[in-house]
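Colleague: sequence? don't have it. structure:
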Ligand SMILES: [Zn+2]
Ligand SMILES: [Zn+2]
């Protein structure tokens, strides 16, 4: 079974042979949706890169959250100090 190298969608080889897309960067077959994305942003976006971006976003979210918690603690300290 052949899958799209960019989004892991299953490629119907019968159909792919007729008007299938190919990523010249990855040297792998890709699906129609990914061909359009690749054309629009002039590059390829492999699945692994997306996971990396997702992990990065999660990490940033955690950073923001811990920053907010730190601020909350500082605020509470200020409140108790003001009493
Ligand atoms: Zn795809
Ligand atoms: Zn690619």
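Modeller: Cool, got the structure. Just so it is clear, the model here is predicted, and its values are computed rather than measured. Numbers count the residues shown, from 1 in each chain. Ligands and ions are numbered 1, 2, ... in the order given.

Colleague: Might you quantify the distance of the helix ranked longest in the chain from its chain's geometric centre?
Modeller: Secondary structure of the chain per DSSP state H: the longest helix is helix 47-82. Relative to its parent chain, helix 47-82 has a centroid offset of 20 Å by C-alpha atoms, centre = their mean, to the nearest Å.

Colleague: buried ones in it?
Modeller: Residues of helix 47-82 include none that count as buried (16 or more other C-beta atoms under 10 Å). For glycine as for every other residue, the C-beta is placed from the backbone atoms N, C-alpha and C.

Colleague: show me what contacts the residue most central in space within the chain?
Modeller: With distances taken as C-alpha atoms, centre = their mean, residue 50 lies nearest the centre of the chain, 2.9 Å away. Contact analysis of residue 50 by C-beta atoms under 8 Å, 6 or more residues apart in numbering lists residue 7.

Colleague: close enough to count as contact, residue 23 and residue 30?
Modeller: Yes: counting by C-beta atoms under 8 Å, residue 23 touches residue 30, with 4.8 Å between them.

Colleague: so what's in contact with those two at the same time?
Modeller: Residues touching both residue 23 and residue 30 (C-beta under 8 Å, 6+ apart): 5, 6, 38, 44.

Colleague: Give me the neighbour count for the last one.
Modeller: Neighbourhood size, residue 44 [other C-beta atoms under 10 Å]: 18.

Colleague: Kindly report the same for the first one.
Modeller: The local packing count at residue 5 equals 22, with neighbours defined by other C-beta under 10 Å.
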